[in-house]
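A.B. asks: Sequence first, then the predicted structure, then my questions.
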Amino acid sequence: MAKLEVYLLATGLKDYELTEYEQKAIAEYDDFEWGEFKLGALFEKLKTKKLPFKADELPKQMIGEYTLPCLTSSFKNQGLNYFVPKDGATILKNVISIPSNSDIYRAYFQSNKFTVLSDAYAIRWTFSDVELLPNQYLFTVPCINKVTDLSIYSYKNKLGGWNVVKDKYIQLPIKNDEIDYETMDILISAIKKLVIKDVVLYVTDKIQPQTPLNESTNSLEVSEL
């Protein structure tokens, strides 16, 4: 509980009260103006070194020099189910991963260090020389999944790799005909607070000192036992 409390404070999630701007973003969501953008114009595929490992040969937990999570086509744990050595690997962080050979083609925002092993790839925002914040990356993920994570795609009917995905179009909020980065950031911030509220209340309740019993009550309980 103490570790979780520290994490909530460090990430700013301890404060779950919505700001005026966050309340406004949620209230006005249905009135957002949206624009269509080609994925290949927004993102670039990142090149990674090919690793000399097969998934079934790798540990599923960190052990020895095997400390770097590696990406496969699995949708479990965001595709990070095995570990490889850092030496010789292309280490990525704060990018989006997408499987290229799977039953499910679900994109994820990878906020921690990882590398690519097989049947998947990573993309990074490159549009208009703007560096996306984590919340803005998180906003784009469901926008991508609306055009990739579809029931029509399967292991037999593959979506394909970046050469196919880059030509798909996603919708993002716009303001004055430009991508509305501020709204993307504020809305995700609001959603985080709504999701984390129950966790914060639970942790707060658990770490608060319990009211001590008085001596007579203690004596009564002990004698009854």
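C.D. replies: Arrived safely.
A.B. asks: Longest helix in this protein, please.
C.D. replies: helix 181-207 (DSSP state H).
A.B. asks: Check which helices and strands that one is in contact with.
C.D. replies: For helix 181-207, the elements it packs on are helix 2-11, helix 20-27, helix 134-148, strand 169-175, judged by 3 or more CB pairs under 8 Å, 6 or more residues apart in numbering; DSSP states H and E. Backbone N, C-alpha and C define where each C-beta goes, glycine included.
A.B. asks: what's the angle from that helix to helix 2-11?
C.D. replies: 150 degrees (axes from the mean of the first three to the mean of the last three CA atoms, to 10 degrees).
A.B. asks: what comes up buried for helix 181-207?
C.D. replies: Residues of helix 181-207 classed as buried: 181, 183-193, 196, 200, 203 (neighbour count, 16 or more other CB atoms under 10 Å).
A.B. asks: So which residue is dead centre in the chain?
C.D. replies: Computing the C-alpha centroid of the chain and ranking residues by CA atoms, centre = their mean puts residue 109 first, at 4.1 Å.
A.B. asks: circling back: what's the most buried one of the helices and strands packed on helix 181-207?
C.D. replies: helix 134-148 (a mean of 18; mean count of other CB atoms under 10 Å).
A.B. asks: How is residue 15 assigned, secondary-structure-wise?
C.D. replies: coil (DSSP: H, G, I helix; E, B strand; the rest coil).
A.B. asks: what's the distance between the closest residue to residue 36 other than its chain neighbours and residue 199?
C.D. replies: Leaving aside its sequence neighbours, residue 36 sits nearest to residue 169 (CB to CB, 6 or more residues apart in numbering; 4.7 Å). Residue 169 is 36 Å from residue 199, where distance means CB to CB, to the nearest Å.
A.B. asks: which regions of this protein sit below the pLDDT cut-off?
C.D. replies: Within the chain, the ranges that satisfy pLDDT under 70 run 209-225.
A.B. asks: Swap in 90 and give it another go.
C.D. replies: Regions of the chain meeting the criterion pLDDT under 90 cover residues 1-16, 75, 129, 195-225.
A.B. asks: unless I'm mixing things up, residue 138 is touching residue 108, no?
C.D. replies: No. Applying CB atoms under 8 Å, one finds residue 138 not in contact with residue 108, separated by 9.7 Å.
A.B. asks: For residue 170, give me its contacts.
C.D. replies: Neighbouring residues of residue 170 by CB atoms under 8 Å, 6 or more residues apart in numbering: 36, 37, 39, 42, 140, 143, 144, 146, 147.
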